[in-house]
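Student: Need coordinates for the following:
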Amino acid sequence: MTLSGLSSLLFMLPTLWVMNQNYSNFMNLSDLMNPKLSNYIFREQVGLNVIFIVALVSQTVFWFFFTRKMTDKIAAPAKLLRNHIRLVTRGDFSLPPIRLREDDDFKDLVNSYNYLFKLLQVQYERELDDLKKLKTTTTNPVAIKILDQLIKERATRLNRPEDTSLNPANDEALAKPRDSRPAS
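Tutor: Numbers count the residues shown, from 1 in each chain. Prediction:
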């Protein structure tokens, strides 16, 4: 039960009790003064009790669903962001950017995170390219073995097929200077 439903319950139950106590007093007075009036007072009491109970139940149901919907709009993006960050901190850069529903909250935060994530992906890809380029210029077998391990690790994190050999087409691409514009 939500806090709003609980507060409604705490307000309406004492009110219902006081109202029924008053109607009991009215019934006792009407029995003494005019017995025909007791029927009307009893029907009025039952009608008001039904209205109160229906109002209490409908208000509780409304607040339950309203708070659930609002919680989903806030909690779902936060959970997505948390899970994405956990995977990225473990080195998984092969993930797609986070996508939210149109009406979710935290859109600015998630968009900023997606921008940062894309920058990290680009940085990792550049490091992978640099390692491949460095491997082609190195003749030391120990260094080549270490570079192969680093290339394999970076390629795995980026979910790229392991390609430790460079072909001439890639050599030209690696020799070009990097574009200094940020990824978007």
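
Student: helices or strands next to the helix or strand hosting M12 in the packing?
Tutor: Using DSSP states H and E, M12 sits within helix 3-33. In terms of contacts (3 or more CB pairs under 8 Å, 6 or more residues apart in numbering; DSSP states H and E), helix 3-33 is packed against helix 36-89. To be clear about C-beta, it is placed using only N, CA and C from the backbone, and glycine gets the same treatment.

Student: So which residue is smack in the middle of this protein?
Tutor: Centrality entry for the chain: nearest residue to the mean C-alpha point is A76, 1.7 Å, by CA atoms, centre = their mean.

Student: Just give the closest residue to that residue, not the sequence neighbours.
Tutor: D104 (6.4 Å; CB to CB, 6 or more residues apart in numbering).

Student: what kind of secondary structure is that neighbour in?
Tutor: coil (DSSP: H, G, I helix; E, B strand; the rest coil).

Student: Outline the domain layout of the chain.
Tutor: 1-90, 115-178 (automatic domain parsing).

Student: distance between the longest one and the chain's centre?
Tutor: In terms of CA atoms, centre = their mean, to the nearest Å, the centre of domain 1-90 is found 29 Å from the chain centre.

Student: Repeat that for the last one.
Tutor: Taking CA atoms, centre = their mean, one finds the center of domain 115-178 at 35 Å from the center of the full chain.

Student: which regions of the chain lie under the pLDDT threshold?
Tutor: 1-2, 4-5, 162-184 (pLDDT under 70).

Student: circling back: between the domains of the chain, which one is nearest to I98?
Tutor: Counting by CB to CB, I98 lies closest to domain 1-90 out of these; the figure is 5.4 Å.

Student: Any buried residues in stretch 35-43, and which?
Tutor: 38, 41 (16 or more other CB atoms under 10 Å).

Student: So which residues make contact with that stretch?
Tutor: 23, 26-27, 30-31 (CB atoms under 8 Å, 6 or more residues apart in numbering).
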